[in-house]
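S.K.: Requesting a structural model of the entry that follows:
(one chain, ligands or ions: 1)
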Amino acid sequence: MSENKKDHNNEHKTTDHKHTEHNATEQGTAEKGAAEQGVSEQRAKDMQGLGFSTRAVHAGQEFDPITGAVIPPLHMSTTYHPHSVGNLRLGYDYSRGTNPTRDNWQEQIAALEGGAYGISFASGLGAEDAIIRSLLSPRDRIVMGNDVYGGTHRLIDKIHGPNGIRHTPVDMTDTAAAVQAIREDATAMVWIETPSNPLMKIADIEALTAAGHEAGAIVVVDNTFASPYLQSPLALGADLVVHSTTKYLGGHSDVVGGAVVTNSEELADKVRFIQFAAGNQSSPFDAYMTTRGAKTLAVRMERHCDNAEAVVKWLRGRKEVTKVLYPGLADHPGHHVAARQMKRFGGMVSFRLAGGADAARAVAESTELFRLAESLGGIESLMNYPAEMTHASVKGTELEVPDDLLRLSVGIEDAEDLIADLEQAFARL
Ligand SMILES: Cc1ncc(COP(=O)(O)O)c(C=O)c1O
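M.R.: Residues are numbered from 1 along each chain as shown. Got it, this is the predicted structure:
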């Protein structure tokens, strides 16, 4: 955020509402109030009493006061014309710092996570990098899950490791072991990913957050797999939530993005400074697309969960499958914790095959509706072979994943068609 923007925000926080309304009507579309941070924070607070889907549809989506357009326009302008030198219109000067479309999306994601501040990035890893870069210093240590997303491990190990950030991978499903790892040495950050990618392990957010706070650490939860519809880490005590919005929030596999949400003004200011100063923000178009996707998150997630449950039931009946990893199963080791901290159990399912790596590859390459691809969380079903795809970068490390494992991102198609697709792929084994 530029000094101008900062000053302007402060000015607005202490200025009465009329000033904003006056500008909005007099100056036109580009000035609509979303940019005004004090007003936007107030609106986010007002939204908190409303249901999830109402927030998803309305947060950050005030109609345009000039034209009446129900959907706020996409603001592509890189730069903004001030009233006079140093006298900005609603704080906008240059789009790397602030942009009305990005502001709208940030307000929406904050409302969905039940947080006061949303900060959006060009990718999930960009968001993670901003957290680490802004909040940690050389010699600081991160205690993190031993099965976090491979790219998260690569970022922490290969980019921040050489800069002096240390990390201790632990089995976060073993709360006692994780708490011990947090206590045994100074811990600056606890990094939780639950459910984890791709092993679907469940970590107890509340217990680990309490241990992290006791040790003076900042607690981060990667909420990508659950989405804010199914899990609310801030309400469980976490300091920061991070997302790859490329997944369920965008929801249509057509936009890469990331976001951070927090209730702490201090943490938000630090992360936002990296967004601005390191030039890592989401583009207006990407923010616009993600906003559109996120409006339907609740209905999509319900359908993802329904279909995942049907697929899990079918997989459990197959002799070719040695194990189904899905937290909704009563015999999943994390089931009770998941039932406590999640609304439902999500659309991601992993399973292991008796035929080992060859069988896993054969199934991965034989499905038709389940498209073989890296990503997840879109409306279409995707198939992933983690050992050689998403998690190839952790081969040979303690985060290596089994080579007989397949990961499904179960889409919103008709469940019977998805099962028929798996059936024909299994028939080829
Ligand atoms: C759980 C999780 N976190 C973070 C990321 C990184 O997000 P992005 O690919 O948007 O950079 C991913 C990507 O797959 C992920 O699955």
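S.K.: Could you find the residue nearest the spatial middle of this structure?
M.R.: In the chain, the residue lying closest to the centroid (CA atoms, centre = their mean) is H243, at 1.5 Å.
S.K.: Quick check: the nearest residue to it once chain neighbours are set aside vs N280, distance?
M.R.: Spatially, and ignoring its direct neighbours in sequence, H243 is nearest to A259 (4.7 Å; CB to CB, 6 or more residues apart in numbering). (Glycine included, C-beta is placed from N, CA and C.) From A259 across to N280, the span is 12 Å (CB to CB, to the nearest Å).
S.K.: More neighbours: these two, which one.
M.R.: A259 (31 against 21; other CB atoms under 10 Å).
S.K.: who's the more buried one bridged to?
M.R.: Beta-bridge pairing of A259 under DSSP bridges involves S120, H243.
S.K.: thinking again about what came up before, please report the distance of the residue nearest to H243 from the ligand.
M.R.: 10 Å (CB to the nearest ligand atom, to the nearest Å).
S.K.: pretty sure that residue contacts I119?
M.R.: Yes - A259 lies in contact with I119 (CB atoms under 8 Å); the separation is 6.8 Å.
S.K.: any shared contact partners between the two?
M.R.: 106, 127 (CB atoms under 8 Å, 6 or more residues apart in numbering).
S.K.: Report pLDDT for the residue nearest to H243.
M.R.: A259 is assigned 99 on the pLDDT scale.
S.K.: Quick one: residues contacting it.
M.R.: 106, 109, 118-121, 127, 242-243, 245, 249.
S.K.: One more: A362?
M.R.: 355, 425, 428-429.
S.K.: and the closest residue to R318 other than its chain neighbours, how many residues sit next to it?
M.R.: Of all residues not flanking R318 in the chain, F426 sits nearest, at 6.5 Å (CB to CB, 6+ apart). Using other CB under 10 Å, F426 is surrounded by 20 other residues.
S.K.: cool, R89 as well?
M.R.: 19.
S.K.: Pull up the residues of this structure that are close to the ligand.
M.R.: Contacts of the chain with the ligand, taken as CB under 6 Å from any ligand atom, map to 123-125, 149, 151-152, 193, 197, 222, 224-225, 244, 246, 256, 258.
S.K.: change it to 8 Å
M.R.: 123-128, 148-149, 151-152, 193, 196-197, 222, 224-225, 242-247, 256-258, 374-376, 390 (CB under 8 Å from any ligand atom).
S.K.: what's the neighbour count on the residue in the chain positioned nearest to the ligand?
M.R.: Closest residue of the chain to the ligand, CB to the nearest ligand atom: G124 (2.3 Å). A count of nearby residues for G124, using other CB under 10 Å, gives 25.
S.K.: For the stretch 101-250 of the chain, just list every one of the helices.
M.R.: 124-135, 150-154, 175-183, 205-214, 227-230 (DSSP state H, counting those that start in this stretch).
S.K.: Kindly export the fourth one (C-alpha atoms) in CSV.
M.R.: Listed next in CSV are the C-alpha coordinates belonging to helix 205-214 (Å, rounded to 0.1, in the frame of the first residue of the first chain):
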residue,chain,number,x,y,z
ILE,A,205,-7.1,-27.2,14.3
GLU,A,206,-8.3,-26.1,17.7
ALA,A,207,-5.7,-28.2,19.7
LEU,A,208,-2.8,-27.3,17.5
THR,A,209,-3.7,-23.6,17.4
ALA,A,210,-3.8,-23.6,21.2
ALA,A,211,-0.4,-25.2,21.4
GLY,A,212,1.0,-22.8,18.8
HIS,A,213,-0.3,-19.8,20.7
GLU,A,214,1.1,-21.1,23.9
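S.K.: just checking, what packs against it?
M.R.: Secondary-structure packing of helix 205-214 (3 or more CB pairs under 8 Å, 6 or more residues apart in numbering; DSSP states H and E): helix 175-183, strand 189-193, strand 218-222.
S.K.: try the second one
M.R.: On a contact count with 3+ CB pairs under 8 Å, 6+ apart, helix 150-154 meets helix 124-135.
S.K.: Next, the angle strand 218-222 makes with the helix it packs on.
M.R.: 180 degrees (axes from the mean of the first three to the mean of the last three CA atoms, to 10 degrees).
S.K.: buried ones in helix 124-135?
M.R.: 124-135 (16 or more other CB atoms under 10 Å).
S.K.: what's that helix in contact with?
M.R.: 119-121, 142, 151-152, 155-156, 159-160, 165, 188-189, 218, 220, 222, 224, 240, 242-247, 257-260, 267, 270-271, 273-275, 278, 280.
S.K.: Buried ones from those residues, can you make that a PyMOL selection?
M.R.: With 16+ other CB under 10 Å as the criterion, this PyMOL line picks the buried residues out of the contacts of helix 124-135:
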select buried, resi 119+120+121+142+151+152+155+156+160+165+188+189+218+220+222+224+240+242+243+244+245+246+247+257+258+259+260+267+270+271+273+274+275+280
